[in-house]
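In: sequence plus the predicted model coming up.
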Amino acid sequence: MKTQLIDLAKQRRSIYALGRNVDFSTADLTQLIEDSIKQAPTPFNNQTTRAVILFGESHEKLWDIVINRLKREVPDEAAFAKTTAKINAFKAAFGTVLFFTETKTVKEFEDNFPLYADNFQDWSEQAQGHAQFAVWTSLAENGLGANLQHYNPLIDDEVRAAFDLPASWKLRAQMDFGSIESPAGDKDFMADADRFRVFK
């Protein structure tokens, strides 16, 4: 059997050499990202995922925040030079999607469904995974590369202030995306026998 989804999932790789040779408009990319997140499943349809889509100066501002914040964590100049080069590679991309969880919604569902209260935090993380995979795969389908970073919680307060975001939005990941300037290498997989069990 073969499905289009599996073919697209194979295209979805962590691409670190990204550029700005993108033929799509920011409006089209915004629509693609928003639709991908809207169609991703969430428990009880509680729609806990939020996203901030950054282009241009706003995209660059985000990665400047990361560099400036990491400067306080990496005082060694040689090590920080390597860190800066890494962050500048993300900054060289076309845009960034910031993924958040709306914690107020999670709390409301914990209160309204006490039998399942212990699950809603975990389920919100699962919803994040669905949304991130959906966006990443949609970008790959359109010939764009992306990678996923996690500089939260180090940058949370500064990001919230820079983009005037609600305190209840908890930053979960940063996905920079753009043109693929160099493809990903081969991907290794563990043995199926160590990963799967089938019973009949």
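Out: Great, that's in hand. Numbering: from 1, shown residues only.

In: quick check, central residue of this protein?
Out: residue 175 (3.8 Å; Cα atoms, centre = their mean).

In: show me the contact partners of the longest helix seen in the chain.
Out: With secondary structure taken from DSSP state H, the chain has its longest helix at helix 120-141. For helix 120-141, the external contacting residues (Cβ atoms under 8 Å, 6 or more residues apart in numbering) are 5, 8-9, 11-13, 32-33, 35-37, 39-43, 46, 48-49, 51, 97, 99, 101, 106, 109-110, 113, 145-146, 148, 172-173, 175, 177. For the C-beta atoms, the positions are set from N, CA and C on the backbone; glycine is no exception.

In: run through who's touching stretch 52-68.
Out: So stretch 52-68 is in contact with 26, 29-30, 33-34, 83-84, 87-88, 90-91, 93-98, 100, 151, 155, 158-159, 162-163, 165, 174, 176, going by Cβ under 8 Å, 6+ apart.

In: and if we set it to 7 Å?
Out: Residues outside stretch 52-68 that contact it (Cβ atoms under 7 Å, 6 or more residues apart in numbering): 26, 30, 33, 84, 87, 90-91, 95-98, 151, 155, 158-159, 162-163, 165.

In: among the residues you listed, name the buried ones.
Out: For the contacts of stretch 52-68, a burial check counting by 16 or more other Cβ atoms under 10 Å picks out 30, 33, 84, 87, 90-91, 95-98, 151, 155, 158-159, 165.

In: in helices, which of those fall?
Out: Reading helices off the buried ones among the contacts of stretch 52-68 with DSSP H, I get 30, 33, 84, 87, 90, 91, 158, 159.

In: and the two most separated of those?
Out: Longest distance between any two of those is 29.0 Å, between 30 and 84; criterion Cβ to Cβ.

In: alpha carbons of the top strand by length along the chain, in CSV - could you do that?
Out: Ranked by residue count and defined by DSSP state E, the top strand of the chain is strand 169-182. Extracted in CSV, the C-alpha atoms of strand 169-182 (Å, rounded to 0.1, in the frame of the first residue of the first chain):
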residue,chain,number,x,y,z
TRP,A,169,0.5,31.7,25.9
LYS,A,170,3.3,29.3,26.7
LEU,A,171,6.0,29.1,24.1
ARG,A,172,6.7,25.5,23.0
ALA,A,173,8.9,25.6,19.8
GLN,A,174,10.3,27.8,17.0
MET,A,175,10.2,26.6,13.4
ASP,A,176,12.3,28.5,10.9
PHE,A,177,11.6,27.9,7.3
GLY,A,178,12.7,28.9,3.8
SER,A,179,14.2,27.7,0.6
ILE,A,180,16.3,24.6,0.7
GLU,A,181,19.9,25.6,0.1
SER,A,182,21.3,22.2,0.9
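
In: that one pairs with which strands?
Out: The strands that strand 169-182 pairs with in its sheet are strand 17-19 (antiparallel), strand 95-102 (antiparallel), strand 144-149 (antiparallel) (by DSSP bridges).

In: kind regards, and thank you for your time.
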